[in-house]
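Chemist: sequence first, then the predicted structure, then my questions.
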Amino acid sequence: MDKKNALRAGALAAGTTLMMLLMSSPALALTRDDGDDPGKGLSVIQTLGLYVLTPLVLFAVIAGLVMVLDKSKVRVTKPKAKA
């Protein structure tokens, strides 16, 4: 009975994905809209800095603040297993 349910779930997922792909309209990114005034593109370094380094730095700052401002004094340690 497990294989039947797995096959049904896979068919449903594949069917749903196919229907979403067929029913979605194209992005129309090649046609310009009235009043469209795009700026210059980002370089590779700027893109990596914006989408890779900035989130990593933000994560490190938040994690550091949590560790530094942690007020709990009790640290729970696992008891050693007896052999």
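Modeler: Done, it's in.
Chemist: and the next element down the chain from the longest helix seen in the chain?
Modeler: Across the chain, the longest stretch assigned as helix under DSSP state H is helix 2-23. For helix 2-23, the succeeding helix or strand toward the C-terminus, using DSSP states H and E, is helix 44-48.
Chemist: ok now that next one, how far from the chain's centre?
Modeler: The gap between the average C-alpha position of helix 44-48 and the chain average comes to 19 Å, counting by Cα atoms, centre = their mean, to the nearest Å.
Chemist: what comes up buried for it?
Modeler: Neighbour-count burial for helix 44-48, with 16 or more other Cβ atoms under 10 Å as criterion, is recorded at no position. From N, CA and C alone the C-beta is placed, and that goes for glycine too.
Chemist: kindly export it (C-alpha atoms) in PDB.
Modeler: What follows is helix 44-48 as a C-alpha-only set of coordinates in PDB (Å, rounded to 0.1, in the frame of the first residue of the first chain):
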ATOM      1  CA  VAL A  44      30.300  40.700 -10.600                       C
ATOM      2  CA  ILE A  45      32.000  42.000  -7.400                       C
ATOM      3  CA  GLN A  46      29.100  44.200  -6.600                       C
ATOM      4  CA  THR A  47      26.600  41.300  -7.100                       C
ATOM      5  CA  LEU A  48      28.600  39.000  -4.900                       C
END
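Chemist: just give me how far the longest helix of the chain sits from the chain centre.
Modeler: Between the centre of helix 2-23 and the centre of its host chain there is 23 Å, according to Cα atoms, centre = their mean.
Chemist: which strands or helices does it pack on?
Modeler: Packing contacts for helix 2-23, counted by 3 or more Cβ pairs under 8 Å, 6 or more residues apart in numbering; DSSP states H and E, involve no helix or strand.
Chemist: ok, residues contacting it?
Modeler: With contact meaning Cβ atoms under 8 Å, 6 or more residues apart in numbering, helix 2-23 is reached by no other residue.
Chemist: average pLDDT for that helix?
Modeler: This predicted structure assigns helix 2-23 an average pLDDT of 91.
Chemist: how about stretch 47-65?
Modeler: Here stretch 47-65 scores 96 as its mean pLDDT.
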